[in-house]
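Student: here is my input; please provide its structure:
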Amino acid sequence: MNWALIFLGFSALIILHEAGHFFAAKATGMRVERFFLFFPPKLVSVKRGETEYGIGAIPAGGFVKISGMNPDEELPPEAEGRGYYQQPVWKRIVVIGAGPAVNIVLAFVILFVLAFGVGEYNQRVEEVRPNTPAAAKLKAGDEIVAVDGSRYLNRDLNGRLEAFRSEIASHRCAGRQIEGCRAEVPVTLTVRRGGGLREITLRPQYNAAEKRTLVGFAYGIEPASLGAGGAAVWAVDKMWLVASRTATVFAKLFEQEKRDEVSGIVGVSAAADETLDIGTRESLFLLALVSLSLGLINLFPFLPLDGGHIF
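Tutor: Next up, the predicted model:
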């Protein structure tokens, strides 16, 4: 079932991408000969008006065939004046750029919707992990007010919690940092419990996987009240993060470490299979990221990518 959903998801992204080219070409007066999901040989097709719609046998993308995309192509009389290379440059750019634009807009729409269900951490202890420094001293429901006397009230909530983590992590073990070692200097947590404040002193423990000392508790999560503006900002922030990471990875593609970060269709499909097992939100989030990546990569100025045609 998962793989059927993954196939449908990727197919939808391809169809929407090609639909961007298709509708932009129609809107600018060009003649569209074919609109195909996947590549030839042809499996099935039907002709409606001047356009043939079909499905190919090779599931590696899709294409829209516009009359006159070869400047030397001889056009039939009914297509005269409607060929791709007979149009002004701005129309050609609109048609080619419409495919990636649809993927980018789709990513924004999905992320915008998901933003209304996003949660944000609060300063309350949600879980105290067993066999950690916090196990005997913190309780679920405690509110972390300050670390080593610092409240960081000049920062927003996320910045404050990150500052608390950094403050705890600054307490290091004597000598070599090894799994399970305790910090030489204890950390003091100011917590609100039962309406009153109290100070709790404990020695953070080094966690090799996290590469820092930890106390051993998890913050609670509550629904974020973003509103439409906040949801848009959240969606754009996520898109910018993906865009900047994509540019960084491809700019340093000859470095082995960066090459290892690039996933093909098999790697993305495996990730999609995992997210489907986790939940719908995670699956939609991945679909948005794949759609955004498809749009961004297609804008790279290299043939046969759309950006190459625009260039």
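Student: just how off-centre is stretch 235-246 within its chain?
Tutor: 7 Å (CA atoms, centre = their mean, to the nearest Å).
Student: how close does residue 163 get to residue 78?
Tutor: 69 Å (CB to CB, to the nearest Å). Where C-beta positions appear, they are placed from N, C-alpha and C, glycine not excepted.
Student: of these two, which one has the most company?
Tutor: Using other CB atoms under 10 Å as the criterion, residue 163 and residue 78 rank with residue 163 on top: 16 against 9.
Student: for the more buried one, what are its contacts?
Tutor: 147, 150, 152, 155 (CB atoms under 8 Å, 6 or more residues apart in numbering).
Student: and the second one, how far from residue 143?
Tutor: Residue 150 sits 15 Å away from residue 143, taking CB to CB as the criterion.
Student: which one among the contacts of residue 163 gets closest to residue 288?
Tutor: Proximity to residue 288 was ranked across the contacts of residue 163 by CB to CB; first place goes to residue 155, at 28.8 Å.
Student: any idea how far residue 164 is from that closest one?
Tutor: Here the criterion is CB to CB. By it, residue 155 lies 10 Å from residue 164.
Student: do residue 86 as well
Tutor: Taking CB to CB, one finds residue 86 at 64 Å from residue 164.
Student: all strands for the stretch 101-250 of the chain, in order.
Tutor: For the stretch 101-250 of the chain, the strands defined by DSSP state E, counting those that start in this stretch occupy 119-128, 143-147, 187-193, 196-202, 205-207, 212-214, 217-223.
Student: which residues are in contact with the second one?
Tutor: It stands for strand 143-147. Contacts of strand 143-147 (CB under 8 Å, 6+ apart): 123-125, 151, 163-164, 167-168, 187-193, 197, 219.
Student: so residue 234 touches residue 225, yeah?
Tutor: No. Residue 234 lies out of contact with residue 225 (CB atoms under 8 Å); the separation is 11.8 Å.
Student: which one's more surrounded, the two?
Tutor: residue 234 (18 against 8).
Student: residues contacting the more buried one?
Tutor: Taking CB under 8 Å, 6+ apart as the test, what residue 234 contacts is 111-112, 115, 118, 226.
Student: and residue 86 and residue 164? Which one has more around it.
Tutor: For the pair residue 86 and residue 164, the greater number of neighbours falls to residue 164 (23 against 17), based on other CB under 10 Å.
Student: okay, and the beta partners of the nearest residue to the more buried one once chain neighbours are set aside?
Tutor: Closest residue to residue 164 apart from its sequence neighbours, by CB to CB, 6 or more residues apart in numbering: residue 147 at 4.7 Å. Counting by DSSP bridges, residue 147 is bridged to residue 150, residue 189.
Student: number of residues surrounding residue 90?
Tutor: 9.
Student: please tell me which one of the contacts of residue 234 counts the most neighbours.
Tutor: Neighbour counts for the contacts of residue 234, by other CB under 10 Å, peak at residue 111, which reaches 25 neighbours.
Student: right, and that one touches residue 237 too?
Tutor: No. Contact criterion CB under 8 Å: residue 111 and residue 237 do not qualify, at 9.1 Å.
Student: endpoints of stretch 121-140, how far apart?
Tutor: 14 Å (CA to CA, to the nearest Å).
Student: contacts for that stretch?
Tutor: In this structure, residues lying in contact with stretch 121-140 by CB under 8 Å, 6+ apart are 141-145, 157-158, 160-161, 182, 189, 191, 193, 200, 202-205, 214-222.
Student: what do you get if the cut-off is 7 Å, keeping everything else the same?
Tutor: 141-144, 161, 193, 200, 202-205, 215-222 (CB atoms under 7 Å, 6 or more residues apart in numbering).
Student: give me the phi and psi for the residue of the chain positioned farthest from its centre.
Tutor: In the chain, the residue that sits farthest from the middle, by CA atoms, centre = their mean, is residue 77; the gap is 46.7 Å. Dihedral pair for residue 77: phi -50, psi -40, per degrees, to the nearest 10.
Student: pLDDT wise, what is it at?
Tutor: According to the prediction, residue 77 has pLDDT 85.
Student: residue 309 against residue 97, yeah?
Tutor: No. Residue 309 is beyond contact range of residue 97, at 9.2 Å (criterion: CB atoms under 7 Å).
Student: neighbour count: these two, which is higher?
Tutor: Using other CB under 10 Å, the more surrounded residue of residue 309 and residue 97 is residue 97, with 20 against 17.
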